[in-house]
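Visitor: Pasting the sequence and the predicted model now:
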Amino acid sequence: MMNVHWGVLATLAAAMVGVACDGSWSPEDFHAALMDPEHAIWDEPAPAVFQARFETSTGDFVMEVHRDWAPIGADRLYNLVRTGFYDDSRFYRIREGFIAQFGLPGDPAVTDLWYDRAMPDDPVVESNGRGFVAYAMTGPDTRTTQLYINLDDNSRLDDQGFAPIGRIIEGMDVVERLYAGYDETAGGGMRGGKQGKIRSGGNAHLDAEFPNLDRLIRATILK
């Protein structure tokens, strides 16, 4: 039998914490966490850097998240993706030359649990340049689950407290092809206060009233 140095193994195991935590949880656990904001899964920190692939109706894009840019926001996004929060949802706010916004679930029951589940702000470390991603908000400490991708240099948002958590490293052309014809009318941003019908009707409402919206099919953490 191979002579194993347990101290080395322990060091390696410790190094793996936060790099690939999915093996500790079953699909049932992730589903339970999606419906329970107090589940232990939400306390798990994200890796220092991770990538998430977003499959959409117009193609795929990859977001690279840096925890040192915005650790609170990065941790939440990591676990939102792992629980399937964004799967089968819609890109409901596309302002051409400004931002592409998403992050309201297709299922109103999930939206009810998370819509007001705010987290503290992160300091602004990176700038809102083209391709950078941050949480939408209405003011201090109001970030929840909605994200936007900058379609242009929006560095003017930095002074308003919008802290980028990552950037698009593949598929920015896909993001720019997302259907923008409805502009603000499909629900708009959090500050506009007109997301009530998405909250109550989810995909059923959006698909009936705004059928050209692009779909977020699935989001996954890349290993």
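Guide: Received it, and whenever you're ready, just let me know what you need.
Visitor: the strands in this protein, which residues?
Guide: For the chain, applying DSSP state E gives strands covering 49-56, 59-66, 89-90, 93-95, 99-102, 132-135, 147-150, 164-170, 215-222.
Visitor: can you tell me which of the ones you listed comes nearest to residue 73?
Guide: Nearest of the strands of the chain to residue 73, taken as C-beta to C-beta: strand 164-170 at 4.4 Å. From N, CA and C alone the C-beta is placed, and that goes for glycine too.
Visitor: Run through the neighbouring helices and strands of that closest one.
Guide: On a contact count with 3 or more C-beta pairs under 8 Å, 6 or more residues apart in numbering; DSSP states H and E, strand 164-170 meets strand 59-66, helix 71-82, strand 132-135.
Visitor: contacting residues for the nearest residue to residue 216 once chain neighbours are set aside?
Guide: In this structure, residue 216 finds its nearest non-sequential neighbour in residue 89, 4.7 Å apart by C-beta to C-beta, 6 or more residues apart in numbering. Residue 89 sits next to 102, 103, 104, 105, 106, 203, 215, 216 when contact means C-beta atoms under 8 Å, 6 or more residues apart in numbering.
Visitor: In contact with the residue positioned nearest the centre of the chain: list those residues for me.
Guide: Of all residues in the chain, the one closest to the mean position by C-alpha atoms, centre = their mean is residue 77, 4.7 Å from it. Contacts for residue 77 (C-beta under 8 Å, 6+ apart) come out as 46, 52, 65, 147, 165, 166.
Visitor: where's the first one relative to residue 73, distance?
Guide: Spelled out, it's residue 46. To residue 73, residue 46 is 9 Å away according to C-beta to C-beta, to the nearest Å.
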